[in-house]
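J.: Below are the sequence and a predicted model; questions follow.
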Amino acid sequence: MRLVSWPGASVRPGLPRGQDSCSPPTVAETLFRSSSVLNRALVFTILALATPSFAQYSARVAPADIVIIHAKVFTVDTTKPWAQGVAIRKGKIVAVGKDEEVERMRGIGTRVIDAGAKVILPGLTDCHVHFYPGSMSLRMPNLS
């Protein structure tokens with residue numbers, strides 16, 4: 001049986017795509033046909049190089065500068081008051097939690113500190129000035 005859709009083009013029912021004269025081959029069929037070995041090598045190389053780099057980029061987190069593990073960290077959080085480790089990057093705390101969670105932030109150049117079950121408390125810097133004593137100190141010369 002032969003169906004004619006326009007002059008010079010024929011469609012045969014039951015044939016897979018690309019084997020009739022009416023439908024053009026798909027991109028995959030063109031790239032992976034047996035005569036295009038160079039095209040297959042090129043596609044494989046591009047996929048091999050691009051896929052791992054994107055997978056690594058999306059799954060990788062920037063490493064911490066300092067990781068403190070095996071500690072008793074007081075977090076001042078009422079829902080989770082104690083933790084085991086802290087990760088610090090560029091002077092800021094980026095992770096607080098169990099040792100396993102904090103270890104994920106470890107990189108090649110990360111400084112690891114084993115606290116040996118010692119307590120770590122948050123440091124507070126209080127830099128306020130009372131008006132009268134502070135204003136009086138402005139009149140005094142610095143002799144140091």
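T.: Received it, and whenever you're ready, just let me know what you need.
J.: what sits against the residue nearest to Ala71 when sequence neighbours are not counted?
T.: Leaving out its chain neighbours, the residue that sits closest to Ala71 by Cβ to Cβ, 6 or more residues apart in numbering is Ala115, at 3.4 Å. Backbone N, C-alpha and C define where each C-beta goes, glycine included. Ala115 makes contact with Ile68, Ile69, His70, Ala71, Lys72, according to Cβ atoms under 8 Å, 6 or more residues apart in numbering.
J.: Show me which of those is closest to Val94.
T.: The closest of the contacts of Ala115 to Val94 turns out to be Ile68 (Cβ to Cβ; 12.1 Å).
J.: Kindly provide the distance from that closest one to Val96.
T.: 10 Å (Cβ to Cβ, to the nearest Å).
J.: Could you list the domains of the chain?
T.: Split into domains by automatic domain parsing, the chain comes to 3-59, 63-144.
J.: Could you tell me the least trusted of the ones you listed?
T.: Mean pLDDT values for the domains of the chain show the minimum at domain 3-59, a mean of 56.
J.: Distance of the residue nearest to Ala71 relative to Ser135?
T.: From Ala115 to Ser135 the distance is 43 Å (Cβ to Cβ).
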